[in-house]
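**Q** Mind folding the following:
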Amino acid sequence: MSEHRIAMVGTPCEIMAASKLQHYTDSPIDVKLGLFCMENFSYKYFENLLKEYDLKMEDIEKFQITKGFVFLSLKTRETVKIPISIAKRIIRKNCNICAELTSETSDISIGSIGSDEGWSTLIVRTEKGAEIVNGALDQKFIEAKELTESQFDLLNRLAENKINKNLEEIEKREFLARPVLYQRDKSDDLIANEISESNFLDLKSNVIDIGACVLCGACEYICPDNLITIDDTKPIMRGECPQDCHACFAVCPRTFIPENLRNDNSKAIGDFIKILSVKSLKHSQGQDGSIVTTLLDYLLTNDIVTDALIVDKEDYLAWKPYAKLTSDIDEVIKSGGTKYSVCPVFKPLRNVNEGGN
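**A** So this is what the prediction gives:
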């Protein structure tokens with residue numbers, strides 16, 4: 001059993017990878033804080049798009065996507081709006097086959113959809129999540145109110161829209177003989193058989209080469225011989241898979257999903273215990289009312305977790321995301337805000353495996 005108890009923040013695909021790591025391995029991830037996510041952008045393509053607006057990444061103070069636009073708050077205090085219809089051309093290909101909006105296998109899901117400005121919509125999914133939210137309320141880290149029926153309907157409708165749109169894309173891909181494995185309805189016994197016959201080459205042909213890789217880094221983290229590395233675009237193997245090792249194929253969020261983690265797409269936001277609209281009483285930085293930062297603060301302050309696995313941005317490369325493991329709440333606060341690009345979020349866990357800090 002790992003001495004680390006890690007709280008992870010991630011998008012739906014990253015949370016699914018974390019859930020599969022918990023399912024198949026002795027994972028140090030103890031708490032999963034999932035984000036609402038429509039899509040993410042390619043960092044390189046985003047840079048190119050900004051050139052059309054005579055902008056650079058370093059000109060931007062804050063990103064936000066709402067009401068059909070990408071809003072760029074500039075350091076000059078100006079705001080630039082880019083229509084989503086234009087920004088769609090820089091969306092990562094794997095996002096078009098994601099039939100999930102609200103990180104359904106998390107303990108707590110957080111996003112802005114449905115709540116008033118300055119508040120966040122919070123979905124409690126597990127008993128562990130309920131204990132965390134109740135504790136944060138009792139200790140005055142957050143305040144909460146009920147989500148109205150119209151606010152819930154908006155959230156549900158947008159989740160349904162994403163599911164329906166991307167299921168159409170999945171159908172198109174499968175018509176072209178490009179399998180979308182994670183949507184396959186298979187029993188756990190059949191999945192175990194598939195995994196037992198699969199290795200990195202199967203992951204490469206069924207996920208990476210067809211544009212389904214989410215670049216989460218679960219395969220890189222779980223490889224027992226550290227043979228898999230990830231550059232800015234895809235995982236690469238240096239060497240040959242050990243005989244009878246199937247770990248990378250098992251934990252990838254775009255391979256077969258175990259029955260207890262699978263959503264049949266009939267529930268737009270998945271299973272949950274309750275939904276609230278919440279506001280931070282501790283922090284004001286960051287996005288969506290700083291609820292993610294505030295929950296991490298609560299978890300670290302109360303020693304419920306030992307570390308937080310978060311995504312920060314590079315100091316030397318504007319808005320370039322990278323993952324880090326920290327127990328310092330000041331670092332958590334600094335990392336607040338959405339980057340709208342991806343990075344191998346599980347990379348820091350390799351140090352945990354190797355006994356580092």
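
**Q** List the buried residues for the one helix or strand residue 21 maps to?
**A** Taking DSSP states H and E as the definition, residue 21 sits inside helix 12-24. Judged by neighbour count using 16 or more other C-beta atoms under 10 Å, the buried positions of helix 12-24 are 12, 13, 14, 15, 16, 17, 18, 19, 20, 21, 22, 23. Yep, even glycine has a C-beta here, placed from its N, CA and C like the rest.

**Q** again with stretch 217-235
**A** 217, 218, 219, 220, 221, 222, 223, 227, 228, 230, 235.

**Q** contacting residues around it?
**A** 17-18, 20-21, 25, 43-44, 200, 203-204, 208, 213, 215, 236-242, 245, 247-248, 250-253, 323, 343-347, 349-350, 353 (C-beta atoms under 8 Å, 6 or more residues apart in numbering).

**Q** sorry, back to before: could you give the average pLDDT over the helix holding residue 21?
**A** In this model, helix 12-24 carries a mean pLDDT of 97.

**Q** Quick check: what element follows it along the chain?
**A** Criterion used, DSSP H and E; the element after helix 12-24 is strand 29-35.

**Q** Report the angle between that next one and helix 12-24.
**A** Relative orientation of strand 29-35 versus helix 12-24 (axes from the mean of the first three to the mean of the last three C-alpha atoms, to 10 degrees): 160 degrees.

**Q** Which is the succeeding secondary structure element to strand 29-35?
**A** helix 43-51.

**Q** right, and residue 296 touches residue 9 too?
**A** Yes: assessed by C-beta atoms under 8 Å, residue 296 is found in contact with residue 9 at 7.4 Å.

**Q** which neighbours do those two share?
**A** With C-beta under 8 Å, 6+ apart as the test, residue 296 and residue 9 both reach 33, 308, 310.

**Q** Out of the residues you listed, which comes closest to residue 103?
**A** residue 33 (8.3 Å; C-beta to C-beta).

**Q** that older thread, let's have the buried residues of stretch 217-235 in TSV, adding secondary structure and distance to residue 165.
**A** As requested, those are exported to TSV (DSSP: H, G, I helix; E, B strand; the rest coil; distance: C-beta to C-beta, whole Å):
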residue	secondary structure	distance to residue 165
217	coil	27
218	helix	26
219	helix	27
220	helix	30
221	helix	31
222	helix	31
223	coil	34
227	coil	37
228	strand	32
230	strand	28
235	strand	27
